[in-house]
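Enquirer: Structure for this input, please:
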Amino acid sequence: MNAQCCMICSGKGGTGKSTVSVLLGAGLARLGRKVLLIELDSGLRSVDIIAGVYGRTVYDIEDVLCGRCEGSKAIVPSPLYPGLSVISAPYEGGDVEAAPLGRLLAAMRPYFDFILLDTAAGMGAPFAAAATVADTALIVLTPDPVALRDGRIVADRLLRGGRPQSAVRLVMNRITRESFGKRAAVFDLDECIDTVGAQLLAVIPESRELQQAGAQGTVPPAHDPAVTAGQAMARRLCGQRVPLTL
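Expert: Numbering: from 1, shown residues only. Next comes the predicted model:
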């Protein structure tokens with residue numbers, strides 16, 4: 001194995017980035033991939049609850065990057081999604097720097113097919129460190145002008161370092177039938193794509209069941225449209241041709 005490293009980011013908070021990270025990790029795991037999800041959003045930890053590892057964490061990513069423990073000791077397998085493992089962020093504090101994160105990835109790549117980096121919103125230290133080491137980037141946005149404008153700034157930053165256009169993809173999240181149209185703030189998906197300047201990877205519909213499952217640390221129903229869209233997203237990331245539906 002030599003894991004592909006993918007960072008999940010957003011320009012602003014509230015776009016559902018962490019939920020999408022777990023949704024993608026679970027989808028990849030269902031395809032038989034071994035997945036490590038590393039949460040870098042220190043102080044706003046949520047992946048542990050969504051992935052079902054809350055209360056099972058002994059060490060977090062700060063412990064690893066500071067050298068207090070080996071990376072393997074911080075890995076917690078998800079009881080909800082076989083094949084998905086998590087390294088949680090600390091509840092508070094902790095700096096994320098590119099050099100120690102790169103060393104951790106070098107040590108972990110041989111044991112996984114995918115390593116997902118759930119970054120903090122914006123372009124602070126977690127974003128900068130992840131951008132240095134990630135092979136690809138997914139920008140998770142909601143259909144509103146502020147999110148799209150910030151997403152364009154993020155996309156430009158990611159592409160500025162010479163990363164190919166194909167390595168930066170757009171995920172539109174929390175979509176409803178009312179998200180687009182003449183009376184909506186955004187007319188259609190094409191406006192989202194053109195504003196951000198990134199190829200669309202997935203459209204994830206709004207789902208109350210997905211939100212409830214994430215808050216309770218349970219598995220959402222397999223028939224839920226958001227879960228189906230997440231599975232399609234995972235398949236596309238693996239190179240499969242799956243039609244986009246809305």
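
Enquirer: Now do the longest helix anywhere in the chain: distance to the chain's middle.
Expert: When the chain is parsed with DSSP state H, its longest helix is helix 145-160. Here the centre of helix 145-160 is set off from its chain's centre by 16 Å, with Cα atoms, centre = their mean, to the nearest Å.

Enquirer: Ok, stretch 11-19 next?
Expert: Mean-position distance between stretch 11-19 and its chain equals 9 Å (Cα atoms, centre = their mean).

Enquirer: Export it to PDB, keeping only CA atoms.
Expert: Presented in PDB, the C-alpha positions along stretch 11-19 are these (Å, rounded to 0.1, in the frame of the first residue of the first chain):
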ATOM      1  CA  GLY A  11     -13.300  28.600   3.300                       C
ATOM      2  CA  LYS A  12     -15.900  29.100   6.000                       C
ATOM      3  CA  GLY A  13     -17.300  27.100   8.900                       C
ATOM      4  CA  GLY A  14     -20.700  25.400   8.900                       C
ATOM      5  CA  THR A  15     -20.400  23.700   5.500                       C
ATOM      6  CA  GLY A  16     -20.500  20.200   7.000                       C
ATOM      7  CA  LYS A  17     -16.800  19.500   6.300                       C
ATOM      8  CA  SER A  18     -16.300  17.000   9.100                       C
ATOM      9  CA  THR A  19     -19.500  15.100   8.300                       C
END
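
Enquirer: what about it, average pLDDT?
Expert: Confidence over stretch 11-19, taken as the mean pLDDT, stands at 89.

Enquirer: same deal with stretch 210-219?
Expert: For stretch 210-219, the mean per-residue pLDDT is 93.

Enquirer: Report pLDDT for Gly43.
Expert: Listed pLDDT for Gly43 reads 63.

Enquirer: Sorry, slip of the keys, the one I care about is Gly93.
Expert: Listed pLDDT for Gly93 reads 65.

Enquirer: Thr15 belongs to a helix?
Expert: No: counting by DSSP: H, G, I helix; E, B strand; the rest coil, Thr15 falls outside a helix, being coil.

Enquirer: how close does it get to Gly214?
Expert: With the distance defined as Cβ to Cβ, to the nearest Å, Thr15 ends up 14 Å from Gly214. Glycine gets a C-beta too; all of them are placed from N, C-alpha and C.

Enquirer: now do Gly55
Expert: Gly55 sits 16 Å away from Gly214 when distances are taken as Cβ to Cβ.

Enquirer: Check Val47 too.
Expert: When Cβ to Cβ is applied, the distance between Val47 and Gly214 equals 10 Å.

Enquirer: Give me the more crowded residue out of these two.
Expert: For Val47 and Gly214, the more surrounded residue by other Cβ atoms under 10 Å is Val47, and the numbers stand at 27 against 22.

Enquirer: list the contacts for that one?
Expert: Val47 makes contacts with Ser18, Ser21, Val22, Leu37, Glu39, Asp41, Val86, Ser88, Ala89, Asp118, as judged by Cβ atoms under 8 Å, 6 or more residues apart in numbering.

Enquirer: If we use 6 Å, what do you get?
Expert: Shown in contact with Val47 (Cβ atoms under 6 Å, 6 or more residues apart in numbering): Ser18, Glu39, Asp118.

Enquirer: Of those, which belong to helices?
Expert: The members of the contacts of Val47 that map onto helices under DSSP H are Ser18.
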